[in-house]
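**Q** Output the structure for:
(chains A and B)
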Amino acid sequence: AQSVAQPEDQVNVAEGNPLTVKCTYSVSGNPYLFWYVQYPNRGLQFLLKYITGDNLVKGSYGFEAEFNKSQTSFHLKKPSALVSDSALYFCAVRPHAGGTSYGKLTFGQGTILTVHP
Amino acid sequence: GAGVSQTPSNKVTEKGKYVELRCDPISGHTALYWYRQSLGQGPEFLIYFQGTGAADDSGLPNDRFFAVRPEGSVSTLKIQRTERGDSAVYLCASSLLGRAPTGGYNEQFFGPGTRLTVL
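**A** All right, here's what the predicted structure looks like:
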């Protein structure tokens, strides 16, 4: 069975500072990894994904994430946070080879990011 | 182009009633997914379709829940004899889906959700 852990319920940073939102995963075999963001009263929006290749992936709105296979982590990062980045962030995983479940995404519980002016 | 749409946006019903939630995926997307999100939690998988058939319904909590996608486009999630514990936001997503078993690399695009409240 696959699982995702986001160890921090909340992350607070000052505007202009770098931010990190942590994610670790457990899956059989190689993973596909995704980050989504959810703004209040809006649906989940895709940010970025790791499929294969370069461990550092870049996504929307200046976000990036680093895949670390040995630590089974996929932390979300941004060099300089904006107040408008304040939202709920979800990490999600799928296995490369999941049998009939290969389409299914498993999400973490989410991390609330608050960027202070 | 249009994104994933879901109707209604809000549904309030009484315990024991039947409800239907509708999802209209992005045109051309072969796969459609249903998730349920309770307050303070991440989305939980319910079922997904590849075309018209349910490829994986392992997340449906019990036999009161059923979903269909008869023409491979619009899908309806049906809940019979609703209970207060069914209250949640029901999310629909769609994607292109590559060939099994390794084709799950495409991102899913989510609709705004239907907030179901069972009184």
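**Q** what's the distance between the closest residue to A:Gln2 other than its chain neighbours and A:Lys77?
**A** Of all residues not flanking A:Gln2 in the chain, A:Val27 sits nearest, at 4.3 Å (CB to CB, 6 or more residues apart in numbering or on different chains). Bear in mind the C-beta positions are built from the backbone N, C-alpha and C, glycine included. Note on A:Val27: its distance to A:Lys77, by CB to CB, to the nearest Å, is 21 Å.
**Q** for chain A, what are the nearby residues on chain B?
**A** By CB under 8 Å from any CB of the partner chain, the residues of chain B that approach chain A are B:4, B:31, B:33, B:35, B:40-45, B:48, B:50, B:55-56, B:58-59, B:91, B:93, B:95, B:97, B:100-105, B:107-113.
**Q** Now the buried members of these.
**A** The neighbour count (16 or more other CB atoms under 10 Å in any protein chain shown) marks B:4, B:31, B:33, B:35, B:42-45, B:48, B:50, B:55-56, B:59, B:91, B:93, B:95, B:97, B:100, B:102-105, B:107-113 as buried among the residues of chain B next to chain A.
**Q** so where is chain B shaky, pLDDT-wise?
**A** Residue ranges of chain B with pLDDT under 70: B:1, B:100-103.
**Q** Skipping adjacent residues, who's closest to B:Asp86 in space?
**A** The spatially closest residue to B:Asp86, leaving aside those adjacent along the chain, is B:Val118, at 5.2 Å (CB to CB, 6+ apart).
**Q** Counting neighbours, what do you get for the nearest residue to A:Leu56 once chain neighbours are set aside?
**A** Distance criterion CB to CB, 6+ apart; nearest residue to A:Leu56, sequence neighbours excluded, is A:Glu66 at 5.3 Å. Neighbours of A:Glu66 under the rule other CB atoms under 10 Å in any protein chain shown: 16.
**Q** tell me the contacts of A:Glu66?
**A** Applying CB atoms under 8 Å, 6 or more residues apart in numbering or on different chains, we find A:Glu66 in contact with A:Asn55, A:Leu56, A:Val57, A:Ser73, A:Phe74, A:His75, A:Lys77.
**Q** who wins for neighbours among these?
**A** In the contacts of A:Glu66, the most neighbours by other CB under 10 Å go to A:Phe74, 27 neighbours.
**Q** what are the phi and psi values for that one?
**A** phi -150, psi 70 (degrees, to the nearest 10).
**Q** For it, give its distance to B:Arg115.
**A** 30 Å.
**Q** do the same with A:Pro117
**A** Relative to B:Arg115, A:Pro117 is positioned 31 Å away (CB to CB).
**Q** For chain B, give the residue positioned nearest to chain A.
**A** Residue nearest to chain A within chain B (CB to the nearest CB): B:Gly42, separated by 3.5 Å.
**Q** ok, for that residue, nearest residue in space, not its chain neighbours?
**A** With CB to CB, 6+ apart as the criterion, B:Gly42 has its nearest non-adjacent residue at 3.5 Å, and that residue is A:Phe107.
**Q** ok, the one you found touching B:Glu44?
**A** Yes. Using CB atoms under 8 Å, A:Phe107 is in contact with B:Glu44, at 7.5 Å.
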